[in-house]
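The sequence and its predicted three-dimensional model are supplied below.
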Amino acid sequence: QVQLVESGGGLVQPGGSLKLSCAASGFTFSNYDMSWYRQTPDKERDLVAFISDTGSTTRYADSVKGRFTISRDNAKKTANLQMNSLKPEDTAVYYCKASYFRFGDRRNYWGQGTQVTVSS
């Protein structure tokens with residue numbers, strides 16, 4: 001059974017930090033690219049950060065560059081998002097996503113999301 005379980009969300013003051021984790025099971029984690037998305041009630045789900053299957057490539061939304069860092073540990077089957085210098089506009093539900101596309105076979109898996117609230 002495929003599972004992605006996010007953790008680490010919560011309430012933090014502006015300027016603070018949080019580290020989100022995504023624990024994977026039920027599939028070959030090292031074959032999948034991993035991404036973090038976020039969504040607020042009034043917006044679509046937007047890409048925040050991406051890391052390739054080997055970890056050699058990362059990409060970030062302009063709004064989080066220099067503040068957020070995505071990483072992964074293929075041995076532990078986890079993907080992480082370190083969030084520093086948090087702003088109120090970072091408030092959202094954060095989702096991790098596992099993506100696979102090879103030889104015409106496309107698979108996407110999503111976690112259930114974790115709430116991040118940045119407020120004083």
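Good, I have the coordinates.

make it CA atoms for all contacts and neighbour counts henceforth
OK.

quick one: contacts for C22?
C22 sits next to 4-7, 78-80, 96, 111 when contact means C-alpha atoms under 8 Å, 6 or more residues apart in numbering.

again, only this time at 10 Å
The contact partners of C22, taken as C-alpha atoms under 10 Å, 6 or more residues apart in numbering, are 3-8, 34-36, 72, 77-81, 95-98, 111, 113-114.

Which pLDDT value does the model give the spatially most central residue of the chain?
The centroid of the chain falls nearest to W36 when counting by C-alpha atoms, centre = their mean (2.4 Å). The model reports W36 with a pLDDT of 98.

Would you list the phi and psi of it?
Here is the backbone geometry of W36 (degrees, to the nearest 10): phi -120, psi 130.

Return the distance of it relative to L4.
Noted for W36: a distance of 12 Å to L4, by C-alpha to C-alpha, to the nearest Å.

and if you look at N108?
As judged by C-alpha to C-alpha, N108 and L4 stand 11 Å apart.

What's the biggest strand in the protein, counting residues?
Scanning the chain for the longest strand, with DSSP state E as the assignment, gives strand 92-102.
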